[in-house]
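In: No letters, just coordinates:
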């Protein structure tokens, strides 16, 4: 699935989400590199992710107040991080070639997909090796976005199978720090098995294919037009 000369060379979940929402806005942001206005919510999210990393790694003595909804969980992760050979990773940058071979995050020539992992824990569940990716999310959980959440979880699962090939199961979760809500719930986990790896790979290759083949990047009108800087209402170049 090579680049078709349209300027798209690599992807991530957020890039694919942008394209899926509106190809025109995606082009302006990721290909034309049009600067976007400051986003306070994004800046806050970055600050909270940094605070989470600093606490788990022991660089901060106290837990940031906005992470207090998961106080015990963060303490457990911090203790685990101190344990040699625990298998925990924090703010890991996973990158893969088009053949799903691990590559360098800043390898602009061969890296095809990049996946940022906030935290990941290797577990032993009876005789089963399990990997648990954790994604910290600011803001509130929304049932409306459940489909998007599941897609993000299965990309984490695929990446985990590629990066940690001896694991047998992946049980990813999204942790919403503003509310202390975990998706999916512990009692109703979404579990991916090693046998699912090829299926997940095929599905993601199919999902991103249009983004690499697109040569027109037509706008897709919707609610997002209300705050898009390229919209007609805001004096942008889009016809909507």
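Out: Nice, thanks for sending it over. What you see is a predicted model, and the numbers here were worked out from it, not measured in a lab. Residues are numbered from 1 along each chain as shown.
In: any idea how far residue 11 lies from residue 146?
Out: 22 Å (C-beta to C-beta, to the nearest Å). Bear in mind the C-beta positions are built from the backbone N, C-alpha and C, glycine included.
In: which residues are in contact with the longest strand anywhere in the chain?
Out: Taking DSSP state E as the criterion, the chain has its longest strand at strand 113-125. Strand 113-125 is contacted from outside by 10-13, 49, 52-53, 56, 77, 80, 86-96, 105, 129-136, 155-156, 159-160, 164, 167, 169, using C-beta atoms under 8 Å, 6 or more residues apart in numbering.
In: doesn't residue 136 fall inside a strand?
Out: Yes - according to DSSP: H, G, I helix; E, B strand; the rest coil, residue 136 belongs to a strand.
In: Start the count at 13 instead of 1 going forward.
Out: That works, and once the first residue is 13, the last one we named lands at residue 148.
In: now the longest strand of the chain, how far from the centre of its chain.
Out: In this view, strand 125-137 has its centroid 11 Å away from the chain centroid, taken as C-alpha atoms, centre = their mean, to the nearest Å.
In: quick one: low-confidence ranges for this structure?
Out: Scanning the chain for pLDDT under 70 picks out 13-16.
In: repeat that with 80
Out: Applying pLDDT under 80 to the chain picks out residues 13-17, 138.
In: re earlier: give the buried subset of the contacts of strand 125-137 as a PyMOL selection command.
Out: To isolate the buried ones among the contacts of strand 125-137 in PyMOL, judged by 16 or more other C-beta atoms under 10 Å, type:
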select buried, resi 22+23+25+61+64+65+68+89+100+101+102+103+104+106+107+108+142+143+144+145+146+147+148+167+168+171+172+176+179+181
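In: Mind checking which of the contacts of strand 125-137 land in helices?
Out: Applying DSSP state H to the contacts of strand 125-137, the entries found in helices are 25, 61, 64, 65, 68, 89, 92, 167, 168, 171, 172.
In: Which residues are in contact with the fourth one?
Out: When contacts are counted by C-beta under 8 Å, 6+ apart, residue 65 is found next to 71, 102, 103, 130.
In: now residue 169
Out: Taking C-beta under 8 Å, 6+ apart as the test, what residue 169 contacts is 145, 182, 184, 204, 208, 212.
In: same thing with residue 116?
Out: Residue 116 sits next to 107, 123 when contact means C-beta under 8 Å, 6+ apart.
In: likewise residue 33?
Out: By C-beta under 8 Å, 6+ apart, the contact set of residue 33 is 232, 234, 236.
In: how far away is it from residue 87?
Out: Where residue 87 is concerned, residue 33 sits at a distance of 37 Å (C-beta to C-beta).
In: ditto for residue 148
Out: For residue 148, the distance to residue 87 - C-beta to C-beta - is 15 Å.
In: same question, residue 71
Out: Applying C-beta to C-beta, the value for residue 71 to residue 87 is 15 Å.
In: Looking at those two, which is more packed in?
Out: residue 87 (13 against 10; other C-beta atoms under 10 Å).
In: Which helix or strand contains the more buried one?
Out: According to DSSP states H and E, residue 87 maps onto helix 83-94.
In: tell me the strands in this structure, going along the chain?
Out: When secondary structure is read from DSSP E, the chain shows strands at 101-108, 125-137, 140-149, 181-182, 185-188, 193-195, 204-205.
In: Tell me the strands beside the third one, with direction?
Out: Sheet neighbours of strand 140-149, with direction, are listed as strand 125-137 (antiparallel), strand 181-182 (parallel), strand 185-188 (parallel) (DSSP bridges).
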